[in-house]
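mind looking at a prediction? Sequence and model below.
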Amino acid sequence: MSLWLCLRFEQLPLHCLNRCEEQPVAVLARQRVVCANDCATVLGIRPGMGTATLRTLADAEPVQLLERDESAEQRCLEQLCCWAYSITPTLHIWRKDCLQLEIGGCLNLFRGLDTLLTEVTSGIGGRGYQAQYGLAPTPRAAWLLSFAAGDTAMAIQQPLEERLAPLPLNLLDEFTAAVNSLRRTGLHTLGDVLALPAAALSRRCGVEFTHFLQQVLGQREDLQADYQPPATFSDEYWFGYEVKTNEELLPVVQLLLQSLCRFLRNTQLQTVEINWQLIGIDHELREVCVRSTSSHSDWKNWHQLTCIRFEQLQLVSSVEGLALNCQQLRAGQQESIDLFSPRNQHEPLASLLDRLRSRLGLQAIEKVGCRDEHLPEFAVHIGSDHPGDEQSASGHCAQRPFWLMPQPRALRQHHNRLYWNGALSLVYGPERIEDNWWREAVSRDYYIAADNGGQHYWVFRDRLARQWYIHGVFA
C-alpha cells in the first residue's frame, strides 16, 4: 500500500536564520511577517502583520527582525533530504517548505508505522526543527492533512474523504479564484466540494482544479521527480546561543558526523577528508581539516580524530554555528573481516597513524615502502605519504624482506653449501634481476634461503662476479 508522510516546516524561514528562543524574533518578506518565534508570538506578532503594526508591538520589548532568505531555506531542505534519504529512497521537496516521503515500502524495515514515526521525530528534533505531520495514500492529501490538528497515525484507518472533509477550502491557495467562487455559493470545506459531481465542478472551477482534487484522492497520477543524493555532503547546526568552549562543540560534532556517515552508507560512498567550519558570532569562518589514512564511513573514527584536532583549537571568539563539508567522496570498498582473526582484536594500523598525524602533524609520520626500481637497494624508500594514498606494495615486494642490509655481504661457500651462522638451504627462486647496464652492469639471481632454525634470508648469486651474497633477513 502506498503511504506518504508529509513533513511541513512552517517555521523553516526562522529556523534557517535564527533558533534563539530567548528573545523575540520575526522574519519579514516584502514588509510582512512571515513567521515569528514563541517570544514574539506572546507579544501579539502574527504572520501577515505589517511592519507598522509590528513596530507598535515592539515598543514594549525589542524584537529582532530578519529578512527572509529563500536560498538558506532551500539549503536546509536539501540537508533534510540527506537525512530523510536514510528513511526512504522515494522522497521529494514540496512547495518550498515540505518534504514528501513515501514510507509504505519501508514499514517492514522499521517494524511498523509507530517505530518509523518515532525515528522521524527523533531525527527532526535532534536537528533543531519542528514539523507538522500528514499521512495519506497520496502526497497532496498528506500535505492537506498536515493542517489537521487532530490527525494522527490511527486516523489512516478511516476513509480518506472523511479525513479531508473538515479541512477549509482556503488551504488551496493555488486556486484563489476558484475557491472564492465556491465560497460565495456557501461551500467552505473540502467535504462540501468533494460531494459535488466532477463534471459540474470542472465547468465551474476549471480542469486544473479538478485534476488537483483527483490527485488528492488518488484518482489521477501525481508524478514527481525523486530526490537524488548530491555528489558532495554539506550540513550545519546552529546552536542558538554563544559557544565559548571546545567541549560544548562535541555533542554537535557527533550529531553531524552521524549524519555524514549515514549519508555515506546510504550512497555507498567513503571519504578520506572532512572539513569543519566554525561560524563565529561575527560570521567569521574558521576552517579545520581532518584527514584519514584510508577512506571509510565510520563516524566513531572521524569523531576521535576531530576531538584530537579540536583539543588543539583556541576559540578566539564565540561560536554560534558549526558546519561540516565533505567534497572528496569515492566509491566504497567493503573489507573482508575475519571474525575469529586475532589481528581484529587490536587497533588497526591505519587508525594509529590517523591519531598520530592528527596530534603531531602530517609531516611527523614517515613510512617505509616500495617503488618501481629493479635493484632492491633502490626499491625501498622512506618518505611521508598523504592520507588517502592507499598504495600497496607491488607483487614482487611480497617475496622480499622489508629491511635490507646497508651493503650485501659475501657468503661463505664450502662443498656447494652456503653458510651464514650455519648451513643454508635454498627454498625459493631464482628471481633474476638485471639492470644498470648504462653505468655498471648488474646481473643477479635472488633466492630465499633458510637455516636449520627456520630463519629465512634473502641471498643472491652475482652472475658476473660468480660470488654469493646475503642481502636481507626476513622477519
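Structure received.

in contact with the closest residue to Leu99 other than its chain neighbours, which residues?
Leaving aside its chain neighbours, Leu99 sits nearest to Leu7 (4.5 Å; criterion: Cβ to Cβ, 6 or more residues apart in numbering). All C-beta spots, glycine's among them, are computed from the backbone N, C-alpha and C. The contact partners of Leu7, taken as Cβ atoms under 8 Å, 6 or more residues apart in numbering, are Leu80, Ala84, Cys98, Leu99, Leu101, Val120, Ile124, Ala131, Gln132, Tyr133, Ser146.

quick check, Leu7 in a strand?
Yes: counting by DSSP: H, G, I helix; E, B strand; the rest coil, Leu7 is part of a strand.

for the stretch 301-450 of the chain, what are the low-confidence residue spans?
Within the stretch 301-450 of the chain, the stretches with pLDDT under 70 are 333-350, 361-364, 366-374, 377-398.

and the helices in it?
349-360, 376-379 (DSSP state H, counting those that start in this stretch).

how about the nearest residue to Arg409 once chain neighbours are set aside, secondary structure?
Distances taken as Cβ to Cβ, 6+ apart place Ile470 nearest to Arg409, at 5.4 Å, with adjacent residues excluded. Under three-state DSSP, the three-state class of Ile470 is strand.

tell me how many other residues crowd Ile470.
19 (other Cβ atoms under 10 Å).

Met154 now?
Other residues close to Met154 by other Cβ under 10 Å number 10.

what sits against Asp226?
By Cβ under 8 Å, 6+ apart, Asp226 lies in contact with Pro89, Thr90, Leu91, His92.

can I take it that the last one is in a helix?
No: per three-state DSSP, His92 lies outside any helix segment and is strand.

residue contacts, it?
Leu99, Gln100, Gln224, Ala225, Asp226, Tyr227.

in strands only, show me those.
Among those, the residues falling in strands (DSSP state E) are Leu99, Gln100.

on that earlier part again, can you pull the pLDDT of the residue nearest to Leu99?
Leu7 carries a pLDDT value of 96.

go on, the one 3 residues further on?
The model reports Glu10 with a pLDDT of 91.

once you drop chain neighbours, what's closest to Glu102?
Using Cβ to Cβ, 6+ apart and skipping residues adjacent in sequence, the residue nearest Glu102 is Thr90, 3.9 Å away.

wait, that neighbour sits on Leu99?
No: using Cβ atoms under 8 Å, Thr90 is not in contact with Leu99; the gap is 11.4 Å.

between these two, tell me which one has more neighbours.
Regarding Thr90 and Leu99, a neighbour count based on other Cβ under 10 Å identifies Leu99 as having more, with 23 against 18.

ok, now which ones touch the residue nearest the centre of the chain?
For the chain, Leu260 is the residue whose C-alpha lies nearest the centre (Cα atoms, centre = their mean; 2.2 Å). Residues near Leu260 by Cβ under 8 Å, 6+ apart: Phe233, Asp235, Ile274, Trp299, Trp302, Leu324, Cys326.

what's the answer for Arg355, then?
Gln304, Leu305, Ile308 are the contacts of Arg355 under Cβ under 8 Å, 6+ apart.

which non-adjacent residue is nearest the first one?
Okay, so that is Gln304. Nearest-residue entry for Gln304: Arg355, 6.9 Å, with adjacent residues in sequence omitted and distances by Cβ to Cβ, 6+ apart.

measure the one you found to Cys76 for me?
In this structure, Arg355 and Cys76 are 34 Å apart, going by Cβ to Cβ, to the nearest Å.

distance between the ends of stretch 23-41?
11 Å (Cα to Cα, to the nearest Å).

quick one: residues in contact with it.
By Cβ under 8 Å, 6+ apart, stretch 23-41 touches 10-11, 13-14, 17-18, 20-22, 42-43, 45-51, 54, 58, 61-68.

6 Å instead?
Residues from elsewhere that reach stretch 23-41, judged by Cβ atoms under 6 Å, 6 or more residues apart in numbering: 11, 13-14, 18, 43, 45, 47-49, 51, 63-68.

cool, stretch 465-475 as well?
In contact with stretch 465-475 (Cβ under 6 Å, 6+ apart) are residues 401, 404, 408-411, 413, 418, 420, 456-461.

among these, name the ones in strands.
Among the contacts of stretch 465-475, the residues falling in strands (DSSP E) are Leu404, Pro408, Arg409, Ala410, Gln413, Leu418, His456, Tyr457, Trp458, Val459, Phe460, Arg461.

rewinding a little: pLDDT at the residue nearest to Arg409, what is it?
Looking at Ile470, the pLDDT reads 94.
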